[in-house]
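In: With the input below, show me the fold.
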Amino acid sequence: MTYVVTEACIKCKYMDCVEVCPVDCFYEGANMLVINPDECIDCGVCEPECPAEAILPDTEAEAEKWLELNREYSNVWPNITRKGVPPEDADEHKGEPGKFEKYFSSEPGKGT
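Out: Here you go, the predicted structure:
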């Protein structure tokens, strides 16, 4: 089992999850984070830390479609090990439906 980041992270990117991850398995895109499923140790400490509720265990039905996206982009985006500043308009996008189609960017973030 592993955890995955879903579209709820897009345009929110609060990064509270990064602070608690014991194995630094988060990777940063321009407007979202992903988890490397091969590095995740399934501890689950990140899930309750996410204000956007964007992190799910891969055993949840909805998580299946996000597993490959997390795997793909964790191999090309930079690793992030410290919490950064979320976007100024993060709260405005929290809970917004259909964010992947509207806003997803394959561009990498800055990483740490």
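In: ok, and what's touching the longest helix along the chain?
Out: For the chain, the helix with the greatest residue count under DSSP state H is helix 64-74. Contact partners of helix 64-74, identified using CB atoms under 8 Å, 6 or more residues apart in numbering, comprise 2, 4-7, 25, 27, 29, 34-39, 56, 58, 106. Every C-beta, even on glycine, is put in place using the N, C-alpha and C of the backbone.
In: Just the buried subset of these, written out for ChimeraX, thanks.
Out: Here is the ChimeraX selection string for the buried members of the contacts of helix 64-74, based on 16 or more other CB atoms under 10 Å:
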select :2,4,5,6,7,25,27,29,34,35,36,37,56,58
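In: Mind checking the pLDDT average for stretch 47-62?
Out: Stretch 47-62 carries an average pLDDT of 95.
In: Which of the contacts of helix 64-74 fall within strands?
Out: Within those, membership in strands is found for 4-5, 27, 34-35, 56, as judged by DSSP state E.
In: Of the residues you listed, just say which sits nearest to Lys99.
Out: Nearest to Lys99 among those is Val5, at 12.0 Å by CB to CB.
In: separation between Gly84 and Glu39?
Out: Separation of Gly84 from Glu39 (CB to CB, to the nearest Å): 19 Å.
In: what about the helices in this structure?
Out: 16-20, 64-74, 90-93, 99-103.
In: Tell me the buried residues in the longest one?
Out: Of all the residues in helix 64-74, those buried under the rule 16+ other CB under 10 Å are 66-67, 69-71, 73-74.
In: Pull that helix out as PDB, backbone CA atoms only.
Out: Extracted in PDB, the C-alpha atoms of helix 64-74 (Å, rounded to 0.1, in the frame of the first residue of the first chain):
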ATOM      1  CA  GLU A  64      -6.500   4.300  -8.300                       C
ATOM      2  CA  LYS A  65      -6.600   6.900 -11.000                       C
ATOM      3  CA  TRP A  66      -4.000   9.100  -9.200                       C
ATOM      4  CA  LEU A  67      -1.400   6.400  -8.600                       C
ATOM      5  CA  GLU A  68       0.100   6.500 -12.000                       C
ATOM      6  CA  LEU A  69       0.100  10.300 -12.100                       C
ATOM      7  CA  ASN A  70       2.000  10.300  -8.700                       C
ATOM      8  CA  ARG A  71       4.400   7.700 -10.000                       C
ATOM      9  CA  GLU A  72       5.100   9.500 -13.300                       C
ATOM     10  CA  TYR A  73       5.600  13.000 -11.900                       C
ATOM     11  CA  SER A  74       7.600  11.900  -8.800                       C
END
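In: Sweet, I'm off.
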